[in-house]
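Engineer: structure for the following, please:
(one chain, ligands or ions: 2)
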Amino acid sequence: MTNPPPAAPALRLGLLGAGGRMGQAIQTAAADARITVAGGIGREGPVVGPHADVAALAAACDVLIDFSTPAALAANLAAATAAGTPIVIGTTGLDPAHHAAIDAAAHTIPVLQAANTALGVNVLAWLVEQAAARLGPDWDIEIVEMHHRHKRDAPSGTALLLGTAAATGRNENHADLARTDRAAQPPAVRETGTIGYASLRGGSVAGDHQVIFATEGERIELGHRAESRAIFARGAVRAAGWLVGRAPGRYAMSDLFAD
Ligand SMILES: NC(=O)C1=CN([C@@H]2O[C@H](COP(=O)(O)OP(=O)(O)OC[C@H]3O[C@@H](n4cnc5c(N)ncnc54)[C@H](OP(=O)(O)O)[C@@H]3O)[C@@H](O)[C@H]2O)C=CC1
Ligand SMILES: O=C(O)C1=N[C@H](C(=O)O)C[C@H](O)C1
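Structural biologist: Ligands and ions are numbered 1, 2, ... in the order given. Sure thing, here's the model as predicted:
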């Protein structure tokens, strides 16, 4: 009789922003998936487990999941890099300097950055890219998002991800087309070929996104509604498991869903 193969070692997650809305949802998703949370850090220190700071937590887990704040990103990446620990970044409101820091860390460790970790949104991004590729610039693109009253960044990271997918479909740079604050522009009719954004905030909405393609006489609307944070949390936990053991580099949810 042969012995069964040894069980794979259990995954140990480290959570950054552990006490927040997403931090709590990820703890639930990890428990549902029977994955151990080695520890969790909040703004003022440990939320789960004994680790005093992100450096101690990074050294004690197999993978970090960061849903905290853009202001914490540099320190979180530095700790992950020093410990050689892969990191999933779900925090939004990132600027070009944050993205440059992610690119730099990805030379040393695997980093998966995703403005939205839900499967449905990532399929929506693919649909938007396909639609934009087939519709000419006389189809105006407007992106409308609604979130809960506590959200700090606007437009949402997902709205920008969807706009980037549309720009890619058109073989254009998103930065050239994006009009994130129409109210701040001088009064003028809509510029052909641009991508407009509108952000609504209120109540407890987990996350609604709609991409509207509008031309003379017809309109296409593609959208996604998150009914709870559980979809983001499940995706983040799945992404963390997928990231462990990968080569250093920058990854996206589309890499995971393509596997
Ligand atoms: N990628 C995705 O699928 C999703 C992304 N998000 C994004 O995730 C982020 C968090 O969202 P949400 O959970 O709703 O926000 P919350 O404000 O509820 O949670 C953020 C938490 O991070 C804590 N925090 C602040 N500074 C630090 C720090 N230096 N180190 C560790 N923790 C810190 C905050 O503490 P304190 O309150 O004391 O400041 C808070 O508990 C946002 O950027 C949001 O847009 C949200 C949902 C899905
Ligand atoms: O802050 C949130 O809640 C969410 N943020 C992400 C975003 O900015 O797109 C993802 C999701 O929509 C929920």
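Engineer: verify the contact between R225 and T158 for me.
Structural biologist: No: here R225 lies out of contact with T158, judged by CB atoms under 8 Å, at a distance of 11.7 Å. From N, CA and C alone the C-beta is placed, and that goes for glycine too.
Engineer: intersection of neighbour lists for those two?
Structural biologist: 207, 209 (CB atoms under 8 Å, 6 or more residues apart in numbering).
Engineer: any idea of the mean pLDDT in the longest helix along the chain?
Structural biologist: If you go by DSSP state H, the chain has its longest helix at helix 119-134. Rounded to a whole number, the mean pLDDT of helix 119-134 is 98.
Engineer: quick one, the helix or strand just after that helix and helix 119-134 angle?
Structural biologist: Using DSSP states H and E, the next helix or strand after helix 119-134 towards the C-terminus is strand 140-147. With axes from the mean of the first three to the mean of the last three CA atoms, to 10 degrees defining the directions, strand 140-147 sits at 170 degrees from helix 119-134.
Engineer: any residues touching strand 140-147, and which ones?
Structural biologist: Residues contacting strand 140-147 (CB under 8 Å, 6+ apart): 132, 155-156, 158-159, 162-163, 166, 190, 192, 194-202, 205-215.
Engineer: let's test this: mean pLDDT of it, rounded?
Structural biologist: 98.
Engineer: please save the CA atoms from the helix or strand following that strand in PDB.
Structural biologist: Per DSSP H and E, strand 140-147 leads on to helix 157-169 as the next helix or strand towards the C-terminus. Only the C-alpha atoms of helix 157-169 are listed here, as PDB (Å, rounded to 0.1, in the frame of the first residue of the first chain):
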ATOM      1  CA  GLY A 157     -11.100  52.400 -10.200                       C
ATOM      2  CA  THR A 158     -13.500  50.100 -12.100                       C
ATOM      3  CA  ALA A 159     -14.900  53.000 -14.200                       C
ATOM      4  CA  LEU A 160     -11.400  53.900 -15.200                       C
ATOM      5  CA  LEU A 161     -10.600  50.300 -16.000                       C
ATOM      6  CA  LEU A 162     -13.700  50.100 -18.200                       C
ATOM      7  CA  GLY A 163     -12.700  53.400 -19.900                       C
ATOM      8  CA  THR A 164      -9.200  52.000 -20.500                       C
ATOM      9  CA  ALA A 165     -10.800  48.900 -22.100                       C
ATOM     10  CA  ALA A 166     -12.800  51.100 -24.400                       C
ATOM     11  CA  ALA A 167      -9.800  53.200 -25.300                       C
ATOM     12  CA  THR A 168      -7.800  50.000 -26.000                       C
ATOM     13  CA  GLY A 169     -10.600  48.800 -28.300                       C
END
